[in-house]
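In: Build me a model:
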Amino acid sequence: MCGIPAYLARGTRGSEDDVDPARSTREEFYPKGRQGGVAVRVQTDHSRGGRLLRYSLTLIDTHRTGIDDGRVIGYDNAHGHHHRHCFGEVEPIELESYESIEKRFEAEVRKYLESGEV
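Out: Numbering: from 1, shown residues only. Predicted structure coming up:
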């Protein structure tokens, strides 16, 4: 059924686990201006029921590293597990809450912007 959204083809309006675009976010910041090569990206997808489905918090510095498309640090739950990226290395993390990961990410971004260290 080309061109018809799946929820219409099935005859349903979607479930509680479908992504709710109104609750999802896509933000990008340039702490050193667009020419500085540093970007902070925050993406979240929430379900219609309010549950966090996916998240990605990323600090990119294309002037410092080409590894992992310039990603210096990042946190996400892609591939079915929560993990941290740091200069191309990936390590699993325990999820206490999204808010705790967000605070940890913010602290690491501040430290990196101030000192260049992670």
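In: From now on I want contacts and neighbour counts done on CA atoms only, so please keep to that.
Out: Noted.
In: Name the residues that touch stretch 83-98?
Out: For stretch 83-98, contacts defined as C-alpha atoms under 8 Å, 6 or more residues apart in numbering pick out 65, 67-68, 71-77, 81-82, 101.
In: Output the below-cut-off pLDDT ranges for this structure.
Out: 1-14 (pLDDT under 70).
In: can you pull out the strands in it?
Out: For the chain, strands defined by DSSP state E occupy the ranges 25-29, 38-46, 52-61, 71-76, 83-86, 89-92.
In: May I ask you to name the longest helix in the protein?
Out: Across the chain, the longest stretch assigned as helix under DSSP state H is helix 98-115.
In: one step back: need the winner for burial among the strands of the chain.
Out: strand 71-76 (a mean of 24; mean count of other C-alpha atoms under 10 Å).
In: Export that one to PDB, keeping only CA atoms.
Out: Output of strand 71-76 as PDB, limited to C-alpha atoms (Å, rounded to 0.1, in the frame of the first residue of the first chain):
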ATOM      1  CA  ARG A  71      31.600  12.500  18.300                       C
ATOM      2  CA  VAL A  72      33.600  13.300  21.400                       C
ATOM      3  CA  ILE A  73      31.100  12.000  24.000                       C
ATOM      4  CA  GLY A  74      27.600  10.700  23.700                       C
ATOM      5  CA  TYR A  75      24.900   8.600  25.500                       C
ATOM      6  CA  ASP A  76      22.200   6.700  23.800                       C
END
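In: Now do it: which elements does it pack against?
Out: With contacts taken as 3 or more C-alpha pairs under 8 Å, 6 or more residues apart in numbering; DSSP states H and E, strand 71-76 sits against strand 52-61, strand 83-86, helix 98-115.
In: let's see 6 Å
Out: Secondary-structure packing of strand 71-76 (3 or more C-alpha pairs under 6 Å, 6 or more residues apart in numbering; DSSP states H and E): strand 52-61, strand 83-86.
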